[in-house]
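1. Let me see the structure of the following:
(one chain, ligands or ions: 1)
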Amino acid sequence: MSDVLRQLSEVLNERKTSANPEQSYVALLHQKGLNKILEKVGEECTETLLAAKDAAVSGNNQEVIYETADLWFHSLVMLSHLGEDANAVVDELARRFDLSGLEEKAQRDK
Ligand SMILES: N=c1c2ncn([C@@H]3O[C@H](COP(=O)(O)OP(=O)(O)OP(=O)(O)O)[C@@H](O)[C@H]3O)c2ncn1[C@@H]1O[C@H](COP(=O)(O)O)[C@@H](O)[C@H]1O
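-> Now for the predicted structure:
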């Protein structure tokens with residue numbers, strides 16, 4: 001896992017277990033609960049899609065990178081709320097190495 005994801009996962013875990021919601025955005029999200037976190041994930045997903053459409057027209061990817069970071073961040077908060085972290089997702093992606101997406105789909109459709 002990248003150092004950034006590892007460090008962020010550690011911070012998110014610390015914020016979930018011991019931070020003050022008045023001083024931490026992540027702790028506040030956990031306090032508000034899963035529905036609020038999922039609302040943010042959905043919101044950031046939509047903002048990412050719209051930024052991608054804009055980037056395709058303007059040729060400027062800065063906004064879509066910014067929105068994707070928001071989406072990844074809120075997805076990691078969601079995983080943390082459920083007791084998982086980025087490591088589980090990285091492990092799943094690693095498991096898929098050398099497995100063609102088309103082959104995997106064909107196996108699924110059998
Ligand atoms: N990477 C992030 C990160 N990315 C985005 N955000 C926050 O996510 C929110 C995004 O919400 P929106 O774009 O919808 O903006 P908004 O209008 O403020 O939100 P709403 O009022 O609409 O709910 C903003 O408040 C951003 O600051 C983040 N907040 C925290 N982190 C990381 O998490 C760590 C812990 O943060 P705290 O818990 O706040 O200390 C930080 O040190 C960072 O490393």
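2. Can you tell me the element E10 falls in?
-> E10 belongs to helix 3-18 when assigned by DSSP states H and E.
3. What residues does this structure have near the ligand?
-> 8, 11, 15, 24-27, 43, 70, 73 (Cβ under 6 Å from any ligand atom). Backbone N, C-alpha and C define where each C-beta goes, glycine included.
4. quick one: pLDDT of D98?
-> pLDDT, the model's per-residue confidence, is 86 for D98.
5. I meant M1, not that one.
-> The per-residue pLDDT reported for M1 equals 64.
6. How about T17?
-> Predicted confidence (pLDDT) at T17: the value is 91.
7. And for the one 10 residues further on?
-> The per-residue pLDDT reported for A27 equals 97.
8. Starting from T17, give me the distance back to it.
-> Look at A27 and T17: by Cβ to Cβ, to the nearest Å, they are 9 Å apart.
9. worst-scoring helix or strand of the chain, pLDDT-wise?
-> Between all helices and strands in the chain, the lowest mean by mean pLDDT, DSSP states H and E belongs to helix 101-109, at a mean of 82.
10. how far is that helix from where the chain is centred?
-> Taking the mean of its C-alpha atoms, helix 101-109 sits 25 Å from the chain's own mean (Cα atoms, centre = their mean, to the nearest Å).
11. mind listing which of the residues of the chain next to the ligand are in strands?
-> The strands in this structure, assigned by DSSP state E, contain none of the residues of the chain next to the ligand.
12. Need those residues in TSV (columns: distance to V90 and neighbour count).
-> What follows is the residues of the chain next to the ligand, written out as TSV (distance: Cβ to Cβ, whole Å; neighbours: other Cβ atoms under 10 Å):
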residue	distance to V90	neighbour count
L8	12	19
V11	17	15
R15	20	21
S24	25	17
Y25	24	11
V26	20	22
A27	24	19
E43	25	13
D70	20	17
F73	16	17
